[in-house]
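A.B. asks: Let me see the structure of the following:
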Amino acid sequence: MSVIPSHVPQSNRRRVAAVVVVAMEEEARPFLDRLPRCEGVLSPELPGGGEAWPLNLGGGRELLLVRSGIGLVASASTLATVLTQVTPEVIVSAGTTGGLGREVGVGDVCASTDLAYTDVDATAFGYAPGQTPGQPAIFTADPALVARAGAARGALHAATPTAGSARIHVGQVLSGGSFVTAANVGATRERFPRALSTDMESTALAQVAHAAALPFASIRGVSDLCGPEAGQDFHIGADEAAARSAAVVLATLADG
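C.D. replies: Numbering: from 1, shown residues only. Below you'll find the predicted structure:
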């Protein structure tokens, strides 16, 4: 079932190469610094103070950058509104994330193969951990997008002066309405042993993309660790992590 209202004709929606959704201004800035604006193209009208910028990917291709605000509801409602006004080839969740997997380090980038909700629990009724009743057990990311993201190590290493040793991880990504911290990370790792990272938007965006039958992936830079091991760095600036995410996203879309 589509999330796009039937009263909005397909012909009235502008076609774009990609919609990239971020939550915060710091996560939007690397895209705005690297790509020129599309001249004479109107931005979609968005609810709740969201913003959108039509950016030129080159070759006549448009990337619509969207700042949704933080959280599951803000991101899902903003993307659903955007999809009443444009038709993208792909949707990408970008920006920052918290590292969850023990192999994930600060400054790395995590690309989703599949996504689930951290704090949804209907297991008493036979559903999988993280599964909302009536929805898939997991939301599957687009394999081609994920493969291109996983191969974008050169773009990641060139993203910032300190990114030379950063790694790209490909695997499960989580989202929820509660922060995962050192105090509760053990329970989260036990329920989701494959999970690489967790944020507050990507799975909600994946659910909207799934309902609209559009290819999706989350590609985010790790700004902090939910449960750092002894001797690990546990935090870098959001601007640094966002710049690394943006570099991998743009390399992924350039190959599309």
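A.B. asks: Enumerate the positions of the helix or strand Glu240 falls within that are buried.
C.D. replies: If you go by DSSP states H and E, Glu240 is part of helix 238-254. Buried residues in helix 238-254, counting neighbours by 16 or more other Cβ atoms under 10 Å, are found at 238-253. Glycine gets a C-beta too; all of them are placed from N, C-alpha and C.
A.B. asks: again with stretch 127-143
C.D. replies: Taking 16+ other Cβ under 10 Å as the basis for neighbour counts, the residues of stretch 127-143 that come out buried are 127, 129-131, 135, 138-142.
A.B. asks: which of the buried residues of helix 238-254 lies closest to Leu32?
C.D. replies: Minimum separation from Leu32 among those (Cβ to Cβ) is found for Ala246, which lies at 9.5 Å.
A.B. asks: list the contacts for that closest one?
C.D. replies: Counting by Cβ atoms under 8 Å, 6 or more residues apart in numbering, Ala246 touches 30-31, 34, 94, 159.
A.B. asks: since we're on Gly71, how many residues are nearby?
C.D. replies: By the criterion of other Cβ atoms under 10 Å, Gly71 has 16 neighbours.
A.B. asks: Spatially, and excluding backbone neighbours, which residue is closest to it.
C.D. replies: The shortest distance from Gly71 to any residue other than its chain neighbours is 5.3 Å, reached at Met200 (Cβ to Cβ, 6 or more residues apart in numbering).
A.B. asks: quick revisit: taking the contacts of Ala246 one by one, which sit in strands?
C.D. replies: Among the contacts of Ala246, the members falling in strands (DSSP state E) are Ala94.
A.B. asks: What about the contacts of Ala246, which are in helices?
C.D. replies: Among the contacts of Ala246, the ones falling in helices (DSSP state H) are 30-31, 34.
A.B. asks: Name the member of these that has the highest neighbour count.
C.D. replies: Of all these, the highest neighbour tally under other Cβ under 10 Å goes to Pro30, namely 26 neighbours.
A.B. asks: and it, what does it touch?
C.D. replies: Residues counted as contacts of Pro30 (Cβ under 8 Å, 6+ apart) are 239, 242-243, 245-247.
A.B. asks: which non-adjacent residue is nearest it?
C.D. replies: Here the nearest residue to Pro30 in space, its sequence neighbours aside, is Ala246; by Cβ to Cβ, 6+ apart that works out to 3.6 Å.
A.B. asks: Tell me how far that neighbour lies from Ala163.
C.D. replies: Ala246 sits 12 Å away from Ala163 when distances are taken as Cβ to Cβ, to the nearest Å.
A.B. asks: where are the low-confidence patches of the chain?
C.D. replies: Using pLDDT under 70 as the threshold, the predicted model of the chain has low-confidence ranges 1-11, 227-234, 255-256.
A.B. asks: Tell me where the protein has strands.
C.D. replies: According to DSSP E, the strands that the chain contains are 14-22, 51-58, 61-67, 86-99, 109-117, 139-140, 168-175, 195-199, 216-225.
A.B. asks: Show me what Val22 bridges to in the sheet.
C.D. replies: Arg67 (DSSP bridges).
A.B. asks: how far away is Ala251 from His157?
C.D. replies: The value you get for Ala251 to His157, if Cβ to Cβ is used, is 11 Å.
A.B. asks: Check Ala195 too.
C.D. replies: To His157, Ala195 is 25 Å away according to Cβ to Cβ.
A.B. asks: So between those two, which is more surrounded?
C.D. replies: For Ala195 versus His157, neighbours defined as other Cβ under 10 Å are more numerous around Ala195 (24 against 16).
A.B. asks: which residues sit in contact with the more buried one?
C.D. replies: Ala195 makes contact with 100-101, 116, 171-174, 188-189 under the criterion Cβ under 8 Å, 6+ apart.
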